[in-house]
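*Asks:* quick one, what's the 3D model for this:
(one chain, ligands or ions: 2)
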Amino acid sequence: MTDTGGFGTAEAVQAENAALFGAPGAGGADNHAAFVRAQAVLPGGVSSPVRAYGSVGGDPRFLASARGPYVTDVAGREYVDLVCSWGPALLGHAHPDVVAAVQEAAARGLSFGAPTLGEVELAEEIRRRVPAAERVRLVSTGTEATMTAIRLARGVTGRDVVVKFAGCYHGHVDALLAEAGSGVATLALPGSAGVTEATAAETLVLPYNDLAAVEAAFAERGSEIAAVITEASPANMGVVPPAEGFNEGLRRITAAHGALLVLDEVLTGFRVGPSGWWGLENAALRGQGADGYTPDLFTFGKVVGGGMPVAAVGGPATVMDQLAPLGPVYQAGTLSGNPVAVAAGLATLRLADDAVYARVDEVAGVLSSAVGAALDAAGLPHRVQRAGSLFSVFFGDLAASAGVRDYAQAQAQETFRYRAFFHAMLDAGVSLPPSVFEAWFVSAAHDDAAVTRILDAFPAAARAAAKATPD
Ligand SMILES: Cc1ncc(COP(=O)(O)O)c(C=O)c1O
Ligand SMILES: NCC(=O)CCC(=O)O
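*Replies:* Ligands and ions are numbered 1, 2, ... in the order given. Modelled structure (predicted):
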């Protein structure tokens, strides 16, 4: 495997890290002390619940720096990172060209509250990759993007009800937290307190990958449904790709009933391919002689900001022009299209060429096969599921059958095994997402040295998972 990350060799990265941040082990601070201090001022010691180690136990690692495929904690310990900031770090952490673009932008001013040409260039780059995003509204988080898409769908259709799928996560939008994946799944919550009954009543939650359930819901309430929102390829209940024809089926049903289809590519967009999951799926469909499908609205986040707060909604002009200032659907933001954040997103997308996507696919292929082989060798039933460069492991017999197709099956796995697996990997210097329901993220900076460290850690982690017992 070649080094396509733009960071130089692993030795060079480590030497540079040591020069910048001190030698590994020389951090001086201690994660436990940091966590105790944090809990006195941040609820749960974290600014976002998925960062807590609730389901795996122990102290979260407080990070001091990150570069290439590595993150370094406050104690100076370095880990190969398979979280990648939960998606944005497609090129690896602190890519020199992205950092330079941010520094240049920052030197020109942090925020203007006026339009900039950078926003135009970023929107043009999004549209170049996803032509159906004729118009793009820039926001700061994926949550804002899905919230805006839902409001727009309601404004355009004059209808109230939104359909979502169990196990899909679309950010912490009131209407979309019911049976949500990600942290809501990790904490085994049905949804969230604080969401009014009136709001919950306007959300229909259906089982994923079940077109018959969607047909039935539309047969009963079609005239009330404003939109169906779906993760383009779900990765917040573990990785559960759409069954063949599922997304196309949603397109057919929504179109027949005058509802909008919102394809949430916050996680998959510009990560699994240059045009996201939609691009991959449509290329495959066209290869089979089919027409492909196009949703009404796309939501983007994560990679589109390259590690800074940028997200976006995109769609046809006829729909998008219903947003203020042209139309009656209001949406706004002091920091929307922030010039420094936009510079990071633009630099990232411009660097995300075919070689980058080839590298993340290659690394995902090597790691997903190797983790499966290690679990086989340890005699532990499991299933590794993959969607492009995203993958995750489901533990236990049930998951090993025909594949995990929905949230009920994902929840039925032996989640307790992940705690042992996670900590064995962490002890070996590999940082995984601290929840079995999250995807594993790789970057183009994961060079052979980083990959070897991960491969070396799998056998012991698999044996630890095989020995684990329920709490
Ligand atoms: C599919 C999907 N949609 C939306 C979001 C929300 O994005 P954010 O955390 O930036 O609000 C996330 C992840 O967090 C996601 O994975
Ligand atoms: N896959 C889930 C996320 O990316 C969530 C990140 C967060 O809520 O901090």
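*Asks:* what residues does the stretch 101-250 of the chain have near ligand 1?
*Replies:* Contact residues, the stretch 101-250 of the chain versus ligand 1 (CB under 6 Å from any ligand atom): Thr141, Gly142, Thr143, Thr146, Tyr169, His170, Gly171, Glu231, Asn236. C-beta: built from backbone N, CA, C; applies to glycine.
*Asks:* give me the secondary structure label for Met308.
*Replies:* coil (DSSP: H, G, I helix; E, B strand; the rest coil).
*Asks:* from the residues of the stretch 101-250 of the chain next to ligand 1, which land in helices?
*Replies:* Those of those mapping onto helices are Gly142, Thr143, Thr146, per DSSP state H.
*Asks:* most neighbours out of those, which is it?
*Replies:* Ranked by neighbour count (other CB atoms under 10 Å), these have Gly142 at the top, with 30 neighbours.
*Asks:* thought that one was touching Ala311?
*Replies:* Yes - contact criterion CB atoms under 8 Å: Gly142 and Ala311 qualify, at 4.9 Å.
*Asks:* next, show the common contact partners of these two.
*Replies:* Counting by CB atoms under 8 Å, 6 or more residues apart in numbering, the common neighbours of Gly142 and Ala311 are Val266, Thr299, Phe300, Gly301, Lys302.
*Asks:* hang on, the earlier thing: nearest to ligand 1, of the ones in helices among the residues of the stretch 101-250 of the chain next to ligand 1?
*Replies:* Closest to ligand 1 out of these is Gly142 (2.2 Å), distances taken as CB to the nearest ligand atom.
*Asks:* excluding sequence neighbours, find me the nearest residue to that closest one.
*Replies:* If the residues on either side of it in the chain are set aside, Gly142 comes closest to Gly301, at 3.2 Å by CB to CB, 6 or more residues apart in numbering.
*Asks:* next one: the one you found from Ser55, what distance?
*Replies:* Gly301 is 24 Å from Ser55, where distance means CB to CB, to the nearest Å.
*Asks:* and those two? which has more neighbours close in?
*Replies:* Legend: neighbour count by other CB under 10 Å for Gly301 and Ser55, higher for Gly301 (28 against 20).
*Asks:* where in the stretch 301-450 of the chain is pLDDT low?
*Replies:* 399-401 (pLDDT under 70).
*Asks:* quick check: the residue nearest to Gly142 touching Phe270?
*Replies:* No - using CB under 8 Å, Gly301 and Phe270 do not qualify as a contacting pair, with a distance of 9.8 Å.
*Asks:* what's around the residue of the stretch 351-471 of the chain found nearest ligand 1, how many residues?
*Replies:* Going by CB to the nearest ligand atom, ligand 1 is nearest to Ala439 of the stretch 351-471 of the chain, at 8.7 Å. Neighbour count of Ala439, defined by other CB under 10 Å: 30.
*Asks:* host element of the residue nearest the centre of the chain?
*Replies:* Nearest residue to the geometric centre of the chain (CA atoms, centre = their mean): Leu267, 3.1 Å. Under the criterion DSSP states H and E, no helix or strand holds Leu267.
*Asks:* verify the stated contact: it with Gly87.
*Replies:* Yes - Leu267 lies in contact with Gly87 (CB under 8 Å); the separation is 5.4 Å.
*Asks:* mutual contacts of the two, please.
*Replies:* Gly301, Lys302.
*Asks:* so what touches stretch 452-466?
*Replies:* For stretch 452-466, contacts defined as CB under 8 Å, 6+ apart pick out 80, 82, 366-367, 370-371, 373-375, 377-380, 395, 417-418, 420-425, 428-430.
*Asks:* what about His313, which SS state?
*Replies:* Wrong residue type there; residue 313 is Val, not His. strand.
*Asks:* let me see the contact set for the residue of the stretch 351-471 of the chain closest to ligand 1.
*Replies:* Ala439 neighbours (CB under 8 Å, 6+ apart): Ala235, Asn236, Gly238, Val239, Leu267, Leu390, Phe391, Ser392, Pro433.
*Asks:* Ala198 too?
*Replies:* Contacts of Ala198 (CB under 8 Å, 6+ apart): none.
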